[in-house]
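Engineer: Let me see the structure of the following:
(chains A and B)
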Amino acid sequence: GENVEQHPSTLSVQEGDSAVIKCTYSDSASNYFPWYKQELGKRPQLIIDIRSNVGEKKDQRIAVTLNKTAKHFSLHITETQPEDSAVYFCAAVVSGNTPLVFGKGTRLSVIA
Amino acid sequence: EAQVTQNPRYLITVTGKKLTVTCSQNMNHEYMSWYRQDPGLGLRQIYYSMNVEVTDKGDVPEGYKVSRKEKRNFPLILESPSPNQTSLYFCASSRGNEQYFGPGTRLTVT
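Structural biologist: Residues are numbered from 1 along each chain as shown, chains lettered A, B, ... in the order given. Here you go, the predicted model:
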């Protein structure tokens, strides 16, 4: 089955700097890659996703890139702000077929 | 308002006392799932259901039961809770790939 590895497990950045979180997956059939943000004490919420037919997707300060050949995808947050502090989870799945498989999460701290 | 609800939100219980955590969604989603979240281990899937009367084991099903008698409800049952089931539990539902999570249930088993 699918296995998703996520790095780093913790990340501290200065406010205004960029943050990058990387994930690798094992199943070449996976074609949907979402990212979830979980603020302290809250539920995970989808912030951005990408499908295997595109290499990059942006939404304001966040972007996700996908390298299907290498089987890895990354979350990029630019101009980080204190409210970006949270745990971020990546996931991978064969769309519509099997359950999402999550990475173990990255705790991002943005230092003002 | 489209949402996933869970009850109770917090529960402290003793070893061996059967309990049920309810999950309900009002979005007519076919897919529902239960996760537990523990520090350093991320979100681990317990059970999932692709539709009514269809349930499957996830990564950590031992000690848990589920049922899916109606589309909107997916209760999680702990027949004989043990301290290693102390955790934060999330229910989720989806139709396509985007999962909507419930608010979580923090369970402590003493």
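
Engineer: Only C-alpha atoms from now on, for both contacts and neighbour counts.
Structural biologist: Will do.

Engineer: model confidence over stretch B:51-64, on average?
Structural biologist: For stretch B:51-64, the per-residue pLDDT values average out at 95.

Engineer: Quote the end-to-end distance of that stretch.
Structural biologist: 19 Å (Cα to Cα, to the nearest Å).

Engineer: Now for A:I21: which residues touch it?
Structural biologist: The contact partners of A:I21, by Cα atoms under 8 Å, 6 or more residues apart in numbering or on different chains, come to A:6-8, A:74-76, A:106.

Engineer: mean confidence score for the helix or strand harbouring it?
Structural biologist: Secondary structure assignment for A:I21, by DSSP states H and E: strand A:19-25. The pLDDT scores in strand A:19-25 average 98.

Engineer: Could you point out the helix or strand that follows that strand?
Structural biologist: By DSSP H and E, the next helix or strand past strand A:19-25 is strand A:32-38.

Engineer: Now that next one - C-alpha only, CSV.
Structural biologist: C-alpha atoms of strand A:32-38 as CSV (Å, rounded to 0.1, in the frame of the first residue of the first chain):
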residue,chain,number,x,y,z
TYR,A,32,-4.2,13.3,-5.6
PHE,A,33,-2.0,15.2,-3.1
PRO,A,34,-3.7,17.4,-0.5
TRP,A,35,-2.2,19.5,2.3
TYR,A,36,-4.0,20.0,5.6
LYS,A,37,-3.3,22.6,8.3
GLN,A,38,-4.1,22.0,11.9
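
Engineer: I'd like the distance from it to the chain centre, please.
Structural biologist: Distance of strand A:32-38 from the chain centroid (Cα atoms, centre = their mean, to the nearest Å) equals 5 Å.

Engineer: what's the burial count for residue 46?
Structural biologist: As the question left the chain open, I've gone with chain A. By other Cα atoms under 10 Å in any protein chain shown, 17 other residues sit near A:L46.

Engineer: actually chain B
Structural biologist: Count around B:I46 with other Cα under 10 Å applied: 24.

Engineer: That one - that's part of a strand, no?
Structural biologist: Yes - checked against DSSP: H, G, I helix; E, B strand; the rest coil, B:I46 lies within a strand.

Engineer: wait, it sits on B:Y35?
Structural biologist: Yes - using Cα atoms under 8 Å, B:I46 is in contact with B:Y35, at 5.4 Å.
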